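Visitor: Show me how the following folds:
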Amino acid sequence: MSLLTSIERKGERLGHCPLPFFIMKTIETLVEDIYDLFNLTPIDMDEAEVDKHIDTFGEMLKVHLKSFLYEVPRDRGNLRLSAIGKPDRKLWYDVNKKLTPETLPPSTRIKFLYGYILEELLLFCATVAGHDVTDQQKEVTLEGVVGHQDSIIDGVLVDVKSASGVGFDKFKYNKLTEDDPFGYVAQVSAYAAANGLDRAAFLAINKSTGEVCLSQLHSMDMINAKERIKHLKNVVADSSVPDKCYSDLPDGKSGNRKLAVSCVYCEHKRDCWSDANGGQGLRAFKYSQGRRYLTQVVKQPDVEEVINF
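Guide: Residues are numbered from 1 along each chain as shown. Predicted structure coming up:
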């Protein structure tokens, strides 16, 4: 039975009752309700309404596809709410240094693209499942810093994430407050504060398995975003570069040293680690699992070196 057939049967069973007659859903049942869509459980929305949301979903996909097909200039020189949880040094570079663009491997760009598509899919499913999804990509401001939130679902600030493996488990088991290298908690704390809300959540999907989870945060889990912004304004205004965000790590037993995972995807790694390899800078090598960036080469790897990156 198709999704639309399921919709039609629901309409027949309920006599096309208008949506306000149904019990208002809460975020606690969000994941279950999303799964029900794929179990082809009849939904409380007529076909015309679903078509409208499908069209909106298609328009959002168009935006993401265009951003990958055509180079879109990135906003530089200003703090953004989405970034306030990132390390001080990275944000200093974001604001004060002209970026030397890195050419990402096609596989990495594809991975980023389908991550964005999956995130849009979750918001679409939440809407069609009957939850109150509002304020998508709304521009908000806190302490003069601007950002665009993902959405508010059932009165809770929600940021949508796609992840795999260990990254997804942090959302699933509510471990992000203990280990948050990308600053996600600070990000949603800022969006929640900008909306005057004391609750936030991550709606996450595992890119490898399709599993969905909801990780909720309450006021005690969130940071003081206003104080963080005040601190960062002082950091980026200073002429001194803050200390490195992360130390490099041993690369097995080779004697070589490599970038920490959190540094690998940073666009400033070349400038930040210009002192690597005795002042020669980072060296990159093409392993089967992807590029590995070495800060110290004692033993030459038996794989191809990437010269321009």
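
Visitor: Near residue 69, how many other residues are there?
Guide: By the other C-beta atoms under 10 Å criterion, the neighbourhood of residue 69 contains 9 residues. For the C-beta atoms, the positions are set from N, CA and C on the backbone; glycine is no exception.

Visitor: Contacts only, for residue 213.
Guide: Each residue near residue 213 by C-beta atoms under 8 Å, 6 or more residues apart in numbering is listed here: 31, 168, 171, 172, 203, 204.

Visitor: Tabulate the residues you listed (JSON lines), appending neighbour count and secondary structure.
Guide: As requested, the contacts of residue 213 are exported to JSON lines (neighbours: other C-beta atoms under 10 Å; DSSP: H, G, I helix; E, B strand; the rest coil):
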{"residue": "31", "neighbour count": "18", "secondary structure": "helix"}
{"residue": "168", "neighbour count": "21", "secondary structure": "helix"}
{"residue": "171", "neighbour count": "22", "secondary structure": "helix"}
{"residue": "172", "neighbour count": "16", "secondary structure": "helix"}
{"residue": "203", "neighbour count": "27", "secondary structure": "strand"}
{"residue": "204", "neighbour count": "28", "secondary structure": "strand"}
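
Visitor: among those residues, which two are most distant?
Guide: The largest distance within these, taken as C-beta to C-beta, falls between 31 and 168 and amounts to 13.1 Å.

Visitor: tell me the pLDDT at residue 76?
Guide: In this model, residue 76 is scored at 63, pLDDT.

Visitor: nope, residue 308 is what I was after
Guide: Spelled out, the predicted local distance difference test score at residue 308 is 82.

Visitor: How about residue 69?
Guide: So residue 69 comes in at 83 (pLDDT).

Visitor: Ok, residue 6 next?
Guide: Per-residue confidence for residue 6 comes out at a pLDDT of 43.

Visitor: Let me see the backbone angles for the closest residue in space to residue 121 that isn't next to it in sequence.
Guide: With C-beta to C-beta, 6 or more residues apart in numbering as the measure, residue 57 is the residue that lies nearest to residue 121, at 7.4 Å, once sequence neighbours are left out. Note on residue 57: backbone dihedrals following degrees, to the nearest 10 are phi -60, psi -40.

Visitor: what residues are up against residue 57?
Guide: Contacts for residue 57 (C-beta under 8 Å, 6+ apart) come out as 120, 121, 124.

Visitor: among those residues, which ones are buried?
Guide: Among the contacts of residue 57, the ones that count as buried by 16 or more other C-beta atoms under 10 Å are 120, 121, 124.

Visitor: Spell out the secondary structure type for the second one.
Guide: On the three-state scheme (DSSP: H, G, I helix; E, B strand; the rest coil), residue 121 is labelled helix.

Visitor: And the pLDDT for the residue nearest to residue 138 when sequence neighbours are not counted?
Guide: Using C-beta to C-beta, 6+ apart and skipping the chain neighbours, the partner closest in space to residue 138 is residue 149 (5.6 Å). At residue 149, the pLDDT value in this model is 96.

Visitor: Thank you, goodbye.
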